[in-house]
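Chemist: Next come a sequence and a model predicted from it.
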Amino acid sequence: MKITRISVYRKDLPLKDPYWLSGGRLKFEVLDATFIRLDTDAGITGWGEGTPWGHTYVPAHGPGIRAGLETMAQAILGLDPRKIELVERAMDLCLPGHLYAKSPVDMACWDIAGKAAGMPIADLLGGKRETGTPAASSVSSGEPDDMLGIIEAYRKRGYIAHSAKIGGSDTDKDIERIRHLEKHRKPGEIILYDVNRAWTRREAAIVMNGVADLGVTFEQPGETLDDIAAIRKVTTAPISVDESLVTLQDAARIARDGIAEVFGIKINRVGGLIKARRMRDIAIAHGIQMFIMATGGSVLADTEAAHLAQSVPQEFIRACWSCQDMLAIDIAPGSGPRCENGFITIGDEPGLGVIPDENLLGEPVAVYEA
Ligand code: MG
């Protein structure tokens, strides 16, 4: 089987409500999404998506994906999409780095490989756990009572996992936010406090030690792995790393040096499932739990992450994410697993199990053929 055509689509995905990270420092209203369709000489088609969370969150942006695809297209055309490590090597050879631009190609290859094998991607990744994965809400930073209000709205829809965004120079406010949400946390509920790199080492020490009695988990409490390793030495709370978990070397270092107890694996951030599954295996081998999610995007990106999440044993998975719930538009109506009663559960359809409505994507902005 050979890849014969790459069609690239660009689509704005507006958020239902404006969204703030890091104590209000970063605001987001629309996501620049890239969708790709891979056609093959076997008549099997695969779909991929790359949707960074804006361009101020991590080093990734929509135009960069499309430029990367243009650079890599001729190296990808003609390859067998089922031999995903060969596609990975071809992309890494012709464009080192730029992981987020490769992720949509990787997704489309897994979609095709699954369709060719008659199996969902989660089974190709080793085998689908039968239970679904809790989806974590994403709670915009703000006043403590407003944040609790967002959690309560998600609770009514069955959500048991929440990622509450904190961080900023007002350490008293962060302590107030955490104590308020923990006071109202329900039994069995998971609340992750996500700092999104917004603290200095001093601020991290003040807040994390200020709520040490609560035993809550913090995500990305500093800018770099060096910062987080230093914060780890002066605090006791469990730590999750996502934005600084980019390469397999990062994963190995975090595991070996005991920098974090949780991996936050963002598929687009790390360069696709082929690379993310190696991080999964490092995590399992070192007793590290995982949040697995898209960096952002539609039902396609959510479903890709849900496949990997459902290939993880129950005791190692914390939650995935339903970013699509935050979007004002749906590009694949009636297709793919949706968040139901707070969980995403992968079906038995082969491949990704989601097909976007091409009428909603519009005309491709680029088509590459051998
Ligand atoms: Mg995070």
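Modeler: Good, I have the coordinates.
Chemist: from here on, contacts and neighbour counts on C-alpha atoms
Modeler: Noted.
Chemist: For the longest helix seen in the chain, give the mean pLDDT please.
Modeler: In terms of residue count, the longest helix belonging to the chain (DSSP state H) is helix 99-117. Helix 99-117 carries an average pLDDT of 98.
Chemist: what packs against that helix?
Modeler: strand 26-40, strand 45-50, helix 62-76, helix 84-94, helix 121-124, helix 267-270, helix 273-285 (3 or more Cα pairs under 8 Å, 6 or more residues apart in numbering; DSSP states H and E).
Chemist: Which positions within that helix qualify as buried?
Modeler: 99-116 (16 or more other Cα atoms under 10 Å).
Chemist: what's the answer for stretch 229-240, then?
Modeler: 229, 231-232, 235-240.
Chemist: Stretch 352-370 now?
Modeler: For stretch 352-370, burial by neighbour count (16+ other Cα under 10 Å) applies to 352-356, 361, 364, 368.
Chemist: same thing with stretch 254-271?
Modeler: So for stretch 254-271, counting by 16+ other Cα under 10 Å, buried means 254-255, 259-271.
Chemist: what's the answer for stretch 120-127, then?
Modeler: Those buried within stretch 120-127 under the rule 16+ other Cα under 10 Å are 120-125, 127.
Chemist: how does this structure divide into domains?
Modeler: Listed by automatic domain parsing, the domain ranges of the chain are 3-118+358-369, 123-344.
Chemist: Inside helices: which ones of the buried residues of stretch 352-370?
Modeler: Leu361.
Chemist: Tabulate the buried residues of stretch 352-370 (JSON lines), appending distance to Ile178 and pLDDT.
Modeler: Listed next are these as JSON lines, based on distance: Cα to Cα, whole Å; pLDDT from 0 to 100:
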{"residue": "Leu352", "distance to Ile178": "37", "pLDDT": "98"}
{"residue": "Gly353", "distance to Ile178": "38", "pLDDT": "98"}
{"residue": "Val354", "distance to Ile178": "37", "pLDDT": "97"}
{"residue": "Ile355", "distance to Ile178": "40", "pLDDT": "96"}
{"residue": "Pro356", "distance to Ile178": "39", "pLDDT": "97"}
{"residue": "Leu361", "distance to Ile178": "41", "pLDDT": "97"}
{"residue": "Pro364", "distance to Ile178": "45", "pLDDT": "98"}
{"residue": "Tyr368", "distance to Ile178": "50", "pLDDT": "98"}
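Chemist: how about the buried residues of stretch 352-370, which pair is most distant?
Modeler: Gly353 and Tyr368 (24.5 Å; Cα to Cα).
Chemist: Would you agree Tyr368 is in contact with Tyr9?
Modeler: No - the pair Tyr368 and Tyr9 fails to qualify as a contact (Cα atoms under 8 Å) at a distance of 12.0 Å.
Chemist: picking that back up, taking helix 62-76 as reference, get the angle to the longest helix of the chain.
Modeler: For helix 99-117 against helix 62-76, the angle by axes from the mean of the first three to the mean of the last three Cα atoms, to 10 degrees is 50 degrees.
Chemist: Keeping just the C-alphas, turn helix 99-117 into CSV.
Modeler: Output of helix 99-117 as CSV, limited to C-alpha atoms (Å, rounded to 0.1, in the frame of the first residue of the first chain):
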residue,chain,number,x,y,z
LEU,A,99,7.1,17.4,16.2
TYR,A,100,3.7,19.1,16.1
ALA,A,101,3.8,19.3,12.3
LYS,A,102,4.3,15.5,12.1
SER,A,103,1.5,14.5,14.4
PRO,A,104,-1.3,14.8,11.9
VAL,A,105,0.5,12.6,9.4
ASP,A,106,1.1,10.0,12.2
MET,A,107,-2.6,10.1,13.1
ALA,A,108,-3.7,9.5,9.5
CYS,A,109,-1.3,6.6,9.2
TRP,A,110,-2.7,4.9,12.3
ASP,A,111,-6.2,5.5,11.0
ILE,A,112,-5.3,3.7,7.7
ALA,A,113,-3.4,0.9,9.5
GLY,A,114,-6.4,0.3,11.7
LYS,A,115,-8.8,0.3,8.8
ALA,A,116,-6.5,-2.1,6.9
ALA,A,117,-6.3,-4.5,9.9
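Chemist: contacting residues around that helix?
Modeler: The contact list for helix 99-117, computed with Cα atoms under 8 Å, 6 or more residues apart in numbering, reads 35-38, 44-50, 52, 60, 64-66, 68-69, 81-82, 84, 87-88, 91, 120-121, 124, 267-274, 304, 350-353.
Chemist: If any of those are buried, put those into a ChimeraX selection.
Modeler: Here is the ChimeraX selection string for the buried members of the contacts of helix 99-117, based on 16+ other Cα under 10 Å:
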select :35,36,37,38,44,45,46,47,48,49,50,52,60,64,65,66,68,69,81,82,84,87,88,91,120,121,124,267,268,269,270,271,272,273,274,304,350,351,352,353
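Chemist: Got the confidence number for Trp20?
Modeler: With respect to pLDDT, Trp20 has a value of 79.
Chemist: ok, it - contacts?
Modeler: Applying Cα under 8 Å, 6+ apart, the residues near Trp20 are 26-28, 140-142.
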